[in-house]
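Undergrad: Task: produce atomic coordinates for the following.
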Amino acid sequence: MIRVRPFEDLAAMAVFNRLDVHDHIEAELARGVTYSALGLFADWRMAQAQGPVSLIATTGPADRPFAILALGLTGQAGVAQAALLAADHGRHRLPLARLAVAIRQRLPRAAAEFALTRIEARCWAGHPTASRLLAGMGFVHETDLPGFGPGGAHVFRQFAWLPPATSPTAPPAHPDPTNEQEF
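TA: Numbering: from 1, shown residues only. As a prediction, the model looks like this:
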């Protein structure tokens with residue numbers, strides 16, 4: 001079982017201290033500089049105030065944090081940017097899969113709540129699991145974007161989620177019969 005709760009500094013730092021190596025590389029390529037776990041935490045902490053949603057996902061009987069996720073407003077009407085960073089994807093494969101299903105189920109409700117008509121997400125093309133995880137959340141690959149990282153040598157993949165009524169390629173939304181934050 002996984003649980004999702006509001007962002008907390010110590011829980012987020014626990015995720016950053018055990019960040020998946022590919023998530024860490026992706027974050028550094030997106031920023032163009034090398035970052036420590038503390039630097040990535042500080043960057044996330046500053047940015048999370050600019051969005052309507054910032055959460056921690058936990059797993060196990062001890063509710064150990066394994067992922068952080070957020071929606072940030074882009075400044076464009078109805079458009080948000082989604083971000084998710086997690087501890088080792090291999091070790092947390094099942095919790096990440098459950099989280100992806102939960103996100104897929106809840107995106108229509110979150111989009112309606114925040115008047116969003118588009119949610120974007122990007123991932124490093126060299127990340128072995130990020131594209132599949134985004135697809136599992138209901139995001140559709142739109143394009144590959146060259147020019148990221150030092151010297152512009154890396155490609156990022158852009159995904160978007162659109163409400164099912166506006167996107168014939170968007171996967172169907174699954175109704176959520178509860179309002180609980182356990183999955």
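
Undergrad: which helices and strands does whichever strand or helix holds residue 108 pack with?
TA: Under the criterion of DSSP states H and E, residue 108 resides in helix 93-113. If you count contacts as 3 or more C-beta pairs under 8 Å, 6 or more residues apart in numbering; DSSP states H and E, helix 93-113 packs onto strand 2-6, strand 53-59, strand 64-73, helix 130-136. C-beta here means a position set from N, CA and C on the backbone, and glycine is covered the same way.

Undergrad: can you list the weak-confidence ranges in the protein?
TA: 166-183 (pLDDT under 70).

Undergrad: got the angle for the helix holding residue 108 vs strand 64-73?
TA: Computed by axes from the mean of the first three to the mean of the last three C-alpha atoms, to 10 degrees, the angle separating helix 93-113 from strand 64-73 equals 30 degrees.

Undergrad: Tell me the first helix or strand C-terminal of helix 93-113.
TA: As assigned by DSSP H and E, the chain's next helix or strand after helix 93-113 is strand 118-124.

Undergrad: Give me the angle between that next one and strand 64-73.
TA: For strand 118-124 against strand 64-73, the angle by the same axes, to 10 degrees is 120 degrees.

Undergrad: what comes into contact with strand 118-124?
TA: Residues outside strand 118-124 that contact it (C-beta atoms under 8 Å, 6 or more residues apart in numbering): 22, 25-26, 29-30, 71, 74, 78-84, 107, 111, 130-131, 134, 139, 145, 148, 154-162.
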